Structure formats: C-alpha cells, structure tokens
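J.: Return a 3D structure for these sequence lines:
(4 chains)
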There are 4 protein chains.
Amino acid sequence: MSKLERYLSVRELSEKICEPLATEDFGMQPYVYGSPPKWHLAHTSWFFETFILKENLPDYKIFDKRFPFFFNSYYQTMGERQQRDRRGWLTRPYVDEIMAYRAHVDYHMRELISNNPSEQIRSLIEIGLHHEQQHQELLLTDIKLGLSVQPFDPVYSKTPLIPDGKAIINEEREWIEIHAGMYPIGHDGEGFAFDNEYARHQVYLNRFKIASTPVTTGEFIEFIEAGGYSDFNFWHDEGWAWVQDEKVKLPMYWKVEDSGYTHFTLAGRKPILGNEVMQHLSFYEASAFAAWKGRRLPTEFEWEVASDNFSWGSVWEWTNSAYLAYPGYKKPPGAVGEYNGKFMVNQMVLRGSSIATSPNHARKTYRNFFHAPLRWQYSGLRLASDT
Amino acid sequence: MSKLERYLSVRELSEKICEPLATEDFGMQPYVYGSPPKWHLAHTSWFFETFILKENLPDYKIFDKRFPFFFNSYYQTMGERQQRDRRGWLTRPYVDEIMAYRAHVDYHMRELISNNPSEQIRSLIEIGLHHEQQHQELLLTDIKLGLSVQPFDPVYSKTPLIPDGKAIINEEREWIEIHAGMYPIGHDGEGFAFDNEYARHQVYLNRFKIASTPVTTGEFIEFIEAGGYSDFNFWHDEGWAWVQDEKVKLPMYWKVEDSGYTHFTLAGRKPILGNEVMQHLSFYEASAFAAWKGRRLPTEFEWEVASDNFSWGSVWEWTNSAYLAYPGYKKPPGAVGEYNGKFMVNQMVLRGSSIATSPNHARKTYRNFFHAPLRWQYSGLRLASDT
Amino acid sequence: MSKLERYLSVRELSEKICEPLATEDFGMQPYVYGSPPKWHLAHTSWFFETFILKENLPDYKIFDKRFPFFFNSYYQTMGERQQRDRRGWLTRPYVDEIMAYRAHVDYHMRELISNNPSEQIRSLIEIGLHHEQQHQELLLTDIKLGLSVQPFDPVYSKTPLIPDGKAIINEEREWIEIHAGMYPIGHDGEGFAFDNEYARHQVYLNRFKIASTPVTTGEFIEFIEAGGYSDFNFWHDEGWAWVQDEKVKLPMYWKVEDSGYTHFTLAGRKPILGNEVMQHLSFYEASAFAAWKGRRLPTEFEWEVASDNFSWGSVWEWTNSAYLAYPGYKKPPGAVGEYNGKFMVNQMVLRGSSIATSPNHARKTYRNFFHAPLRWQYSGLRLASDT
Amino acid sequence: MSKLERYLSVRELSEKICEPLATEDFGMQPYVYGSPPKWHLAHTSWFFETFILKENLPDYKIFDKRFPFFFNSYYQTMGERQQRDRRGWLTRPYVDEIMAYRAHVDYHMRELISNNPSEQIRSLIEIGLHHEQQHQELLLTDIKLGLSVQPFDPVYSKTPLIPDGKAIINEEREWIEIHAGMYPIGHDGEGFAFDNEYARHQVYLNRFKIASTPVTTGEFIEFIEAGGYSDFNFWHDEGWAWVQDEKVKLPMYWKVEDSGYTHFTLAGRKPILGNEVMQHLSFYEASAFAAWKGRRLPTEFEWEVASDNFSWGSVWEWTNSAYLAYPGYKKPPGAVGEYNGKFMVNQMVLRGSSIATSPNHARKTYRNFFHAPLRWQYSGLRLASDT
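T.: Down below sits the predicted model:
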C-alpha cells in the first residue's frame, strides 16, 4: 500500500465509522471524558493541517482561521482552545462544514503526498495517521457512550463495523510460564511507535505465570454473584470508595433483567452468554477480580515479554503498572512533546488492543493508559501469578 | 380570529422562531436552566396530546409511546421523565421526528377543534396555547443562550423576529405619583389568566412614586463606572456573594471592547448606544442599581396598580415581591396544580412582558417569576420610591 | 431593673449557658450555619467594644488588636474578618482568653453605664443587649447541633436551662376567627424593636382562621406514617428536591428505634410522647404538613394580628411570608444598616419566640428569618386557613 | 535498650510533641488529610489495645467500649468508625480522657512486656511502635497545618523539638555516578521493616547520576523567579491543572513580604535565607522543578541503590516511582493486610526520612507514599539524570 493509499484508507475509515449517525448524533458529549463525534472528525484534520500542511505545503491557506480554536485538543504550545468539557456545547461548525474541512485537508494532503515528500514529512504523516487511528477507537467508544445515555437503548447499527460484545473465548485456559531473567522492553525501531515506547531497555523479571486467555463475562458473573462488589477485601481503598460513591454494582453497560444479564452494545441491548471477553472494566474492577481469584494483574513488562505466547487483541488489558517514563525517555521538543510525557502521572497502563482498535494500529510494545476509574473503553484483563 | 385560526397561528410561530436554526442547533443546552429548542417544540406538543387529545379525542393514538418520557417537563403526576439537566444529552428523537410529532398533534387538534368542543375543552386548549406562548419566549432566550456560548458570536438572524437590543427609550422620565388607598389586585376574570393571578383581592398601599420609563443601558453604564459592582453597600448579602463567586463585573452578554461596551444579541454582537432598555439583569443587579440610585424596586402590587399610567412591554421588570400565593389562592387538582403553586418559594416576581413575549400573551396581572441570580431572560427594572 | 443590672444579667446568662461545656466543646462548628460557642461569647463582646466602648469611653484601649479580625461576624463596614465557615478552625484565642475579654469589656461597660450615658449611648447599649440575647438562642441551638453530631448522644445537662423537648400542649385546639379588615402592622414605638419591625403600616386582610395551639409531635407522626415524606403533592418543588437530595425521612434529631420515635435533646436522647410541641422543622416540612392537613401557614401579618388571641412562645412559627422590607423601611446608615436589610431576599419569616429565646426578648412584632431548608432552630408551625 | 524501655520512650515522645498545645489545639483538623492531635494520641493507643492487649493479655478489659468507634482509622476488618473528615467534629472524648486512655494502655503494656512475651507478640509490639512513630511525624505536620490556618501565625514553640526550616545545606553539590547493573532492592530482613519493603528482588538499572544534596530554597527561588509556576512546559498536565485551579504561586507556607520570602514554621513565621533544604513541595512541584533544571527525579530504585553514597534524612524525597507492589509482594492476612497493600494505586513514593521522622524510624528501604498534590509533609527532592 502506497503512502497515499494508506492515507486515504485511514481517513475514509473515520467517516465510515460515522455513517450510521444522524446529524444530531454528531454533537453528543454526555461526559467530559468523551468527545462529540464531529469533534474527532475535525480534530484529526486539524492535526494534519497544523503540523503538516501549514508548515510544508507552500501557499497552503488554512481552511477557516477559527477552526484551530475549536479543534485543538490540549496543545498548550498551539494556543487557546475550546474548554474540553464544553465541546458538546458547540453546534457550530456544522457537520457539513466539518466534512468540507476534511475534504479540503485531504485534497491538499493528496497534493503533498504526491510530491514525494521528505522523510521527515513522511514520518509526520505517519504520526498523523496513527493519531487518527487512535481517534477512530475513541470515536467508537464515544458513540457507544453517547448512545447509551439515551433512553430506550438506541441501535448504532444492527451490523456494526466491530463485533461489539461478540468477541468469544472458547479455548481452554492455559497457564504460560515465563522464566526469570533479563528481557528487553520497548520498541526495537522497526515500524512506527510513539515516543513513550522508545528507549528500549533491559528489565529483570522474576519467574511468573500468565493466562493464555482474557477473563470472560461468565467468570465475572461468578465474581458478582459471590458478592465481589460488596467485599472490601478485594479492592484498593480508592476502588472501594469508588464502588460506594458511585454505587457500582455491575460492569458498565450491564443490567440485570428478568431474563438475566444484558449489556448495551453498538447493536443494541443484548443478553450476555458467558463466553464473551469481559470488556468495559475499570482498573479497580479488574484488580478486585484478580484478587478475588487469588491471582494478580501482570505488569506491563511481564505482558510484553509473554505476549508472543498468547493471542491478544480482543480487549485492552489493564496491567498493574503505572504510566511512567521508561529509563532514558526523552520528551520531544515542541508540541509533539505534549503527546505523551505530560500524562505520566496517576494513570495505569493497558496493553494489547481491542476490537475497536484500527487495523495495523496494534503492536506488542504499545502503551495505552487511562485513569483507574474509567471504563468506557474496551478494557478487560488477563490474570497472572507469581507461581 | 376563530379558535382554530388562533391555534394554528400560535403553533406556527414556534416553528418560525426555529427557522434560522440548523439541525445541530436544535439540541443545545449549555446550562440546566435552559432547554434545547427541539425539546420546547416537542414538549408543547406533548402538552396538547396528554391533556387534551388523549382524554377527549376518541380513538386517538399517541404518536410514540416513548415520547412522554422524553417530553414531560416536571409533572410528577404524569410519571417518569428525562432528567432536566440531561435534556441536552438527547440526540433522539431527531428534529424531523419532532416535526412529524407536531404535524400529527396539529392534525388531530384541528379535528378536535372543528368538532365544536365543549367549553371545558376550549378552556384547556386556551391553557395549552398560553403554555406554548410561554415556551416561545423561552425558545428565544434559550436560543440566545445556546448561541452565546459558542466561540465567535454566531448570528441567529440578521433580522431576528424580535428587536433584541433595539428597544429604545427616547422620552424624558416622569415620576408618576399614586396616592395611598385600597386597590384591587389580581385578574378580574375577563379573558385568560393563570391560576396564580386569581383570587382577586384588596391591598392597601401607601403613597408611592414610580418612573414612567424603565432603566436604560446608559444609566446602567453610570452604575458600572461609579463602581457599583464593587461596593457591597448596594447589594443584598446574597447578591454580594454572587458577584464575588461568579466574578460578575458586567451585565450578561456584555463585553468591554476597545470601541466601548458591546452586547451579544440574536443579530450578533452589537455596540451599546446608551438609550436601549436595560435587559438581562439578575434581581440582585436590579436591586443594587435601585439602591445606588437612592430608589427602590416597586412591589408587584404597586406595579399592577400603576401600570395603566406608563407604557410597559419592552422588558420584564423585577419587583421586590416574592412569588407567593395570593390570599384565597387554591391549587387546582391534578397535574394542572403543578403548574404554579409548587414554585411559590424563593423566587421573585417580574411584571410586564418583554420584546420576546408572544403576541396577546401579556396582561397587567401576569405574574412571571425567576430565581434571583438568573438573567438569561429579558429582565430589567423600573425605579420606584416612597416619596 | 437598672440599666447596669440589666446589662450584667444579660451578660451573665451567656456564660451560664456555657457552664456545662468542657474546654473542647467551645470550639465545635460542624456546619457552616452554626458557630462555635466561644465565638458567640467573644463576638457579642466585640459588639460592645466596637460600637460603644471604642467610640464613647475616653481612653478606652481595645483588649487585643487582633480580636476584631476574629470576631467580626459580617460587617463589611468594619473591615476584614475570619471566613465564616472556618470559625471552627480557630483554636486561638483560647477559652480563658475569651473569658478575660468578656471581663475586660464588662469592666469598662460598667464604668460607662455608671457615668450616666447619653440617650443615644443607652440606646446603643440596648441594641447590644438584644444582640447578645439573639446570640444566646444561637448558643443553645449551636451547642445542641455540635453535640448531636458526636457519636453516642452526649448530654449537655441532665437539667438544662431550657425545657428542650418538654414544651407540652395539653389544651384542645380551637380555631380563632379573625374578620376581614385593615390592621396596623409593625412596632408601635414602645420599648425596643429592630429596624425591620418599624415603618408601622396598614395591611388589609381577608377573613381567616388560625389555630389556638401549635402542631405537636403526635400530629407530625401521623403525617410521617401517612407517607407525608414520600408524596410530592404536599411539597414545594424545591422542598421535594430537598427531601430527595438529603434523603429526609424524619424531622431533625429524630430516630426510629425499636421502642418508638426518639429525639436528641440537650438532656440526651429521649422518647417522643406525642404531646410535645413540634420543633426543628424546615419551612418545607412545615408547609408540606399544612398542605397535608388541607390547611396552610399563616402570613406574618395574619400571625401578628391574631397573636393576642392565642398563647405563643414555645417554638418559632414558620409563616408563608418572605422576609422583605416593610413599606417605608429605611436601612440605617453605617454598620447598623447591615444588621437586617441586606438579608431581605430568599428567606422566610418566623414569628413568635421559642423555649430558647432569652427572657424579655420576645414581642409580637419580632421578625425572625431563616432559609427554607434550615431546621436547627426551634422552629415549628401553627395552622391557618381561609375559612 | 530493653523492649520496655523502647516502648516507654516511644510512647513518651508522642506526648512530648503535644506538650506545647493548649486543650483547644488538640481538636484541630482544618483539612481532611490531617487529623486532630488528640486523635493521633488515642488512635496509636487503640492500636496497642486492639491488636495486642485484647488478644494477648488475659482478663484485659478495654478502656471504653466506645473508643474503637472513635479511633479506628481505616481498618474495615475492625468494624465501623468515625468518618475521617469528621474527626475534627469530636469534642469528646476530652483530652484528659485520652491521656487516661494512654496511661491505661501503657500500664497493661508494661505488664505484658514484663512477662516475657512470645516472639510473635514482640513482633506485634514492634509494629505498634513503628506505627506510633509514623503518627509522631504526622502529629508534627498536622500541628503545623492546624496552626498555619490560624490568623496571625501562632508559634508552636520558640524552640520546637525539630529544626523546622533550619535544615541547612552548606556543602557543594556533587554528582554521584552509579554504573549500570543488577541491584537488589527491598529489605534484607535485618531489623524491622513494613510488608511493602519485603520481597527483596533484583532490579536492572541503567547508568545514572544523582545529586549529593537535596534542592535548597535558594534554588527553588530561582525557579519561581524564572516564572516556573507560569510555564506549562515544565508540568504534568495534571500538575498544570492543579497550579491553575488552586492558584499556586509559591510553595506551601511561603509568603512574599516586603522583606523577602518568608515561611511559616513551628517556631513562627521566619525569613527564608536560601540555604535551607526545600520542604513542603508537592510531587508536581518537585517534578516541574527538575524539568526546569533539565534533570529528573530519581526512581525509588535508583534512590535506594545510591543512598549509601550521600547523606539523607532532612527531607522526604519525591521519586518518579508510583507506589506499587514489589514482585512477590504478599498482602498479609487480616487487619494488618490493610496497612499498606490497599493504598497501592495513584500515589507516588518518597524515600529517605525528614527532620520530623522519629529516631530509629528511618532506613534506606522505607517506602513512604502520598498523593501527588499533597505537600503538608516535609517533602522535597534530589535531582537525578541519565548522564
């Protein structure tokens, strides 16, 4: 696939994700941690315009000089911007204006890419595409979130792009044993990676075991029915406060109905069968479940080392590692330096990828991260233990 | 005008108010005290459907059995409903579905009205129309509010339906003197009135004076420039806390720009000339202004008694009366009893009407009411004094 | 009683109220609407020092130049002060320093009073004494509040100064009828009164009936057991929100125990017998109770006019009048003007007095006022109706 | 020192710390993260009573059966308890009752210790003593906090037990280089350690450099004056939000006065000279300072490995390590298991000890931990870098 083909196919996917939406749906932002779909569509275009076209395409005129204010996410370096929790207040620009913005950016990107750009520009384009792929996953999870707060469980699509709630585990679980030793951690430089994966370094690990399969809904139902949500012993102190303050009794999107457990999916509300991969857990829940099982979460290093030995990719997996800099990590200069480094406190690392992750966007060194109570992502867990 | 003509003309106006909006604009609800435009359009239709069609039109089928959950405002009697502060979360039903709902209701209302309905039904229809007229004013003020929080001051219409910021006072102010005595207060029974205006009763008033004109922007600028917002002496204790907590330094929608004072209007941001009627004041500001002038707000009784002696109607006028039951007030039974009585605590009365009030919806006995800090309505003041 | 005797007896009572307290108890402030006992003791002394001694006693030296910062309550005119919700943070000045402050002020007040002060000074002293009497009632209710949040229901005194929970109604209730007509309202100038009672004026009242006795605990238990706290029909919209947000199911200080209803009193937790005067109600509860009874609260004008016809004084009685200026009310100049006027918004008037009101501090024109949800005062109600 | 001598000397120190306090001071709790001094005195006694005397001294009667409710900190295993943020509401039990409680516990502990207790009991006693030593440091920092919110900068003692603000650095800073390699981390089993230090394990470290001295006030003043608090580039995203929400412009307890920088200390407010060890920093500030210097914080592993090469002990040093379980960490069963493990999320590790740490309570493997924004502990930093 040429760079141009790759560019166009990534860009197209974002719009395809939004195809089932009505104009009204593009503006929804029920919680501050999500963003309206139209914002994602515009923000990813702003990224290409700001970091690539403006700098590298002679005579490029920005589409609308007000758009940077609307669609800068958090780059202090790039100036003032709309307050994050008020993105849902924006009715303007309209959806068709944003579509025009995308077309404008694509037109000029096509020109730029066709003119044999320098290696440095190609590398920026690659960042822009990975950035858009990250937002494609957020698009899906934010759409799910926005629809879920509507009464009467609306359906995004009877046949959604991704198999939401349909990732099934049918194999027997095995326990993979990894022996103690020194292991390299971090990206080896082949192919794309974000700055936070670099500074490949050695880590010494004790012997450990890790499950060949992620936890399923059936297993989690056992936890629920054993009173897992009401026994403080399994929870972090903070997790226990979260359970009580938020009155958490079930995983996100779940209900108990007369017919049994159901969950809200992009295809509407569906019964839970028990063999689905468990998704939409907070770190607290993942950790409490592991404690109840007498196991633990793996560290991100254990996960990376063992990952060739099991299949992953149906759900992001919470690890017991905090999101911190690797030894030797260097924050890049300028706006790109705001991409990762400034978030390295009070978040936990998730490894793998999920059903919502865009094609070619997964790799075993990828470090995803979220705050411990958040669970609107496709986040589950895999058990580990010392012996 | 026949009842049918009146019905159709009121209903048409609601849609005319929304004409300049794009689909995206119908969903905006930046603050809990406002509602999305599409919600107003549907809620007023729900009112006719619920209180009139369902009860009185044989074989009437409700349009969609989910709509009552969406569009009941606060009638506990009428069952569960969408949480008020989450009306803006609703992307469904879509705008065109709501328009179809309106058409459906209108179709059947037309049938009902054409069939010579009973006096009791005619009276319910009249309540429904006045209810819709109330929402027409809210539609305008909520649209203004929703647009005002967008960056770059969008324009609702270059020639909006109402002369926002263009109500001008050019006459000299006179002081009208009303002598002491017993006066009748409340509606006399001719024409429509809400329950809270009834129980006409006698009130004894001391002699007082009242201004022939409301306060203008020019006068309010004097207050601002004399330091009115920073001298506690003019403010209620609660008002002073409001000024400090909210860092209030100007009336709502105002800015100081290099060129002078401007305000956001439905026609965009405009310079303030000084002879506009002062609008968008909180009770606290109205009261502080009066204190600074060495005057006071009139009571609602003084206002009503004197109202034949001055012209009013450009702006709602804060009074120094709390919204309480008139002597002899009876809360009507059933859902209609929730219309007024349950709000009779901690709100202040405004009298008159505004540029946004619908035609034929104003009368001198009308009791409007809002919480003291709110100012997104067209609310100003008229000065009074004892001597 | 000479002025000096009166001065000394009022001052002594404040200390007597605090006699059962240990040093630790003097600092308690669990809620922002209460103040620590030691703060009341010092604040009332600051009032005499600031408004009388400093101005009128030649060569008077203020006790400690830091005390005005600590003990000014809300007089913006008198400069900076400790934030109200942080009075409980103050461990300094110590209790014995405050007692020394009181002694110092008393010593010099004795000197001033003995030297035949002017009428104007005598009148200021009278304000100071009434001010201290107001704080004596607050001392009692704040002590009760502070003790009530301790575990294990501590006892202030087995024989407290006031008959807390022991005001008993044994008479049959009669309905007093007052005929329609013009009535004078407000203080007639004989004896002491606060500024808010002045501007005696005429009010026209419709015929009404008012109960000869206040509501009892037994009657309120009927309301509770009839589901009064769970039927929205009886409540103001705001009151209903209060009931739900605060999960209110019982009057303040009440519990349901195996043995029946009990309430926390200054003498410890006690069973409720049913004939006690109902106390510690919010305006919302008083109003809901009246609605449930098919009656209403009287207005403050009705109460004042009828008050010679019934006995009152065991409990403050909520009226359905908002706390607003009387016609002709003039806010006095200077700090004294901050005493009443600036609170005239969003509070409801209570009339009468309670078991905690200091001797000689009650009169039928007295206008007490609190916010609708507050109920740590001795506040109950008396029923009225139109016919 | 015999076990009994050690017991008595630790217990005595807690009371010695409180010697300068008046009765009123024992109850102060201005912020939820601190506790009242009297609570510390009682809670540490409750620890001995609950975990040692009750279980191991035949016929021991608990001092007061209500005390466990008052003085259990967070042990869910041990039953209901006073809500943490309401410890300051407690006026009861009185200070002299708490002193009697301490005497009672000491009397029986003396008996127990004198009777040649088992190794297991001796080990529990040791935990109790280390627990009390932890609270001694908190006593000092909570007293400082409680006094600091009083107006007029009260003085705890002109000659406080600890050299608050007087830890001085006069040596030249050197950069200690540690070569890459495998290092053992965690407690080696000699002497006392908490559960979180165990599971000694290997860690591979890259080469790094670490400063021989902690950062001083003079260096931090340079950061302030270079605009460090107003340049987002140096801050974590969360830290930057903290700076803006809390309007942080200076380290805790600092002021800028005409004479220069001052800070509040246990000996009153004092000028800052520049060579004091920097204390009372949040993790955010420590991290921003390091970024501004072009350096970084060490990890807790780097710190431990290098610690024999520099002197430490004047201030807790923030590391860039999150507080997580060591590989192989086992949460002990029962209440002791609540001591550490449940806090292992969203906190950062501090290493070393401070001027407020009790004698014999410091060791290089000690893992202290706090939330990133907290700064009322004696917390500073030491710089590190990769090369």
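J.: Phi, psi for A:W318 please.
T.: phi -60, psi 140 (degrees, to the nearest 10).
J.: Report the beta-bridge partners for it.
T.: A:W318 has the following beta-bridge partners by DSSP bridges: A:L350.
J.: per-residue pLDDT, the closest residue to chain C within chain A?
T.: Of chain A, the residue with the smallest distance to chain C, taken as Cβ to the nearest Cβ, is A:K247 at 13.2 Å. C-beta here means a position set from N, CA and C on the backbone, and glycine is covered the same way. On the pLDDT scale, A:K247 is placed at 97.
J.: Tell me how many other residues crowd it.
T.: Using other Cβ atoms under 10 Å in any protein chain shown, A:K247 has 7 neighbouring residues.
J.: and it, helix, strand or coil?
T.: Reduced to three states with DSSP: H, G, I helix; E, B strand; the rest coil, the structure at A:K247 is coil.
J.: could you check the distance from it over to chain B?
T.: Distance, A:K247 to chain B, using Cβ to the nearest Cβ, to the nearest Å: 16 Å.
J.: how much space between that residue and A:S230?
T.: Note on A:K247: its distance to A:S230, by Cβ to Cβ, to the nearest Å, is 11 Å.
J.: List the contacts of A:E80.
T.: A:F69, A:N72 (Cβ atoms under 8 Å, 6 or more residues apart in numbering or on different chains).
J.: Mind listing what's buried along the longest helix seen in chain A?
T.: Longest helix in chain A by number of residues (criterion: DSSP state H): helix A:119-148. For helix A:119-148, burial by neighbour count (16 or more other Cβ atoms under 10 Å in any protein chain shown) applies to A:121, A:124-125, A:127-148.
J.: Tell me which residues touch the nearest residue to A:W316 once chain neighbours are set aside, please.
T.: Leaving aside its chain neighbours, A:W316 sits nearest to A:L350 (4.1 Å; criterion: Cβ to Cβ, 6 or more residues apart in numbering or on different chains). A:L350 makes contact with A:W316, A:E317, A:W318, A:T319, A:N368, A:F369, A:F370, A:Q377, A:S379 under the criterion Cβ under 8 Å, 6+ apart.
J.: 10 Å instead?
T.: By Cβ atoms under 10 Å, 6 or more residues apart in numbering or on different chains, the residues touching A:L350 are A:283, A:286, A:300, A:303, A:315-319, A:321, A:323, A:366-370, A:377-381.
J.: ends of stretch A:374-381, how far apart?
T.: 14 Å (Cα to Cα, to the nearest Å).
J.: Is there any residue in it that contacts chain B?
T.: No. Counting by Cβ under 10 Å from any Cβ of the partner chain, chain B has no neighbours in stretch A:374-381; the shortest distance is 14.5 Å.
J.: what is the mean pLDDT for that stretch?
T.: For stretch A:374-381, mean pLDDT rounds to 98.
J.: so A:E171 sits in a helix?
T.: No. Secondary structure of A:E171 (three-state DSSP): coil, not part of a helix.
J.: for it, what are its contacts?
T.: Here A:E171 is in contact with A:S212, A:T213, A:F310, A:S311 (Cβ under 10 Å, 6+ apart).
J.: And for A:L145?
T.: A:28-31, A:33-35, A:138, A:252-253, A:264, A:376-377.
J.: Please check those and keep the buried ones.
T.: Buried among the contacts of A:L145 by 16+ other Cβ under 10 Å: A:M28, A:Q29, A:P30, A:Y33, A:G34, A:S35, A:L138, A:M252, A:Y253, A:F264, A:W376, A:Q377.
J.: about what we covered before: how about the contacts made by the residue of chain A closest to chain C?
T.: A:K247 neighbours (Cβ under 10 Å, 6+ apart): A:Y229.
J.: List the backbone torsions phi and psi for it.
T.: Backbone torsions of A:K247, given as degrees, to the nearest 10, read phi 50, psi 50.
J.: Equivalent analysis for A:A100, please.
T.: Torsion angles, degrees, to the nearest 10, at A:A100: phi -60, psi -40.
J.: Next one: the closest residue to it other than its chain neighbours from A:P117, what distance?
T.: Sequence neighbours aside, A:F63 is the residue nearest to A:A100 in space, at 7.8 Å (criterion: Cβ to Cβ, 6+ apart). The spacing between A:F63 and A:P117, counted by Cβ to Cβ, is 20 Å.
J.: Among these two, which residue is more densely surrounded?
T.: Neighbours per residue, other Cβ under 10 Å: of A:F63 and A:P117, the larger number sits with A:F63, 22 against 17.
J.: and that one, which of the three is it?
T.: State at A:F63, reduced to three classes by three-state DSSP: coil.
J.: Give the full set of residues in contact with it.
T.: By Cβ under 10 Å, 6+ apart, the contact set of A:F63 is A:42, A:45-46, A:49, A:53, A:93, A:97, A:100-105, A:108.
J.: and with 8 Å instead?
T.: Shown in contact with A:F63 (Cβ under 8 Å, 6+ apart): A:E49, A:A100, A:Y101, A:H104, A:V105.
J.: Drop anything exposed from these.
T.: By 16+ other Cβ under 10 Å, the contacts of A:F63 give A:E49, A:Y101, A:H104, A:V105 as buried.
J.: The third one belongs to a strand, doesn't it?
T.: If I follow you right, that is A:H104. No. Per three-state DSSP, A:H104 lies outside any strand segment and is helix.
J.: Nearest spatial neighbour of it, chain-adjacent residues omitted?
T.: Counting by Cβ to Cβ, 6+ apart, A:F63 is the residue found nearest to A:H104 once chain neighbours are left out, at 4.8 Å.
J.: Tell me where the stretch 201-350 of chain A has helices.
T.: Along the stretch 201-350 of chain A, counting by DSSP state H, counting those that start in this stretch, helices occupy A:217-225, A:237-245, A:283-292, A:300-306.
J.: how's chain A carved up into domains?
T.: Domain assignment for chain A by automatic domain parsing gives A:3-148, A:175-385.
J.: Next, format these as JSON lines and append distance to C:S9.
T.: Output for the domains of chain A, formatted as JSON lines (distance: least, Cβ to Cβ, whole Å):
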{"stretch": "domain A:3-148", "distance to C:S9": "59"}
{"stretch": "domain A:175-385", "distance to C:S9": "52"}
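J.: right, so of those, which gets closest to D:E238?
T.: domain A:175-385 (5.7 Å; Cβ to Cβ).
J.: quick one: contacts for the residue in the stretch 51-200 of chain A that chain B sits nearest to?
T.: Using Cβ to the nearest Cβ, the single residue of the stretch 51-200 of chain A nearest to chain B is A:T91, 4.1 Å away. Taking Cβ under 8 Å, 6+ apart, we find A:T91 in contact with A:G27, B:A22, B:E24, B:D25, B:G27, B:M28, B:G146, B:L147, B:Q150.
J.: show me the contacts for the closest residue to A:G88 other than its chain neighbours.
T.: Take A:G88 and drop its neighbours on the chain: the residue closest to it by Cβ to Cβ, 6+ apart is A:Q29, 3.0 Å away. By Cβ under 8 Å, 6+ apart, the residues touching A:Q29 are A:S35, A:P36, A:W39, A:R87, A:G88, A:D142, A:G146.
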